[in-house]
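S.K.: return atomic coordinates for the entry below.
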Amino acid sequence: MSEAMKQVSIDFDLHRLVYLMDSIAGQKLTQNGSPITYSQYLVLSRIGKYEEITQRQLSKIISISDAAVSRQVEILKQRQFLKAKINLTNRRERILSLTPTGKEAVEQALNVIEIAFTQPASALELNEIANFNETIDKLIGIFSPMRQY
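M.R.: Numbering: from 1, shown residues only. Model prediction:
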């Protein structure tokens, strides 16, 4: 197999794995009556990790467009999972943070997702997980500089 074909295979295989895991996480959240979808969980969990973050920073971190983040933010604000305030040093920016309801929704969703993936992940040896994580980190390091914002 040529180097170019190996790269296409890596791209496709990673996409397939992420799509499959995202689908499973979404299904588990729905089955467990979660008040948020998996895509909403991704947004809220990143906001929670940083406590306060601008929409632009969030867009870069989760790799979705500013418009997609803006749509999610409006929905999540209306449902009182997050709050947005004007950045006093740059009035065009909004700073996002979780409400107590948002924090609770993230915790519940995280528990569901952890339970869903703990058993399948236990089929891997610790060194396999470490090698996988190392490879993912290396690929992120290689590809991140190529992305233009």
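
S.K.: which stretches of this protein form helices?
M.R.: Assigned by DSSP state H, the helices in the chain fall at 3-31, 38-50, 55-62, 66-78, 100-121, 126-143.

S.K.: out of those, which one sits most buried?
M.R.: Mean neighbour count (mean count of other CB atoms under 10 Å) peaks for helix 38-50 among the helices of the chain, with a mean of 20. C-betas here are computed from N, CA, C, even on glycine.

S.K.: and that one, what does it pack onto?
M.R.: Judged by 3 or more CB pairs under 8 Å, 6 or more residues apart in numbering; DSSP states H and E, the packing partners of helix 38-50 are helix 3-31, helix 55-62, helix 66-78, strand 90-98, helix 100-121.

S.K.: and the gap between the closest residue to residue 57 other than its chain neighbours and residue 97?
M.R.: Nearest residue to residue 57, sequence neighbours excluded (CB to CB, 6 or more residues apart in numbering): residue 50, at 7.6 Å. To residue 97, residue 50 is 9 Å away according to CB to CB, to the nearest Å.

S.K.: repeat that for residue 68.
M.R.: Taken as CB to CB, the span from residue 68 to residue 97 is 19 Å.

S.K.: lowest average pLDDT across the helices of the chain?
M.R.: Lowest mean pLDDT within those: helix 3-31, a mean of 85.

S.K.: that helix vs helix 38-50, what angle?
M.R.: 90 degrees (axes from the mean of the first three to the mean of the last three CA atoms, to 10 degrees).

S.K.: ok, now which ones touch the spatially most central residue of the chain?
M.R.: Nearest to the mean C-alpha position of the chain, counting by CA atoms, centre = their mean, stands residue 42 at 3.6 Å. Listed by CB atoms under 8 Å, 6 or more residues apart in numbering, the contact partners of residue 42 are residue 62.

S.K.: hmm, try it at 10 Å
M.R.: Shown in contact with residue 42 (CB atoms under 10 Å, 6 or more residues apart in numbering): 22, 25, 36, 58, 61-64, 72, 109.

S.K.: tabulate these (TSV), appending distance to residue 102.
M.R.: Shown next, in TSV, are the contacts of residue 42 (distance: CB to CB, whole Å):
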residue	distance to residue 102
22	20
25	18
36	9
58	13
61	17
62	16
63	21
64	18
72	12
109	11
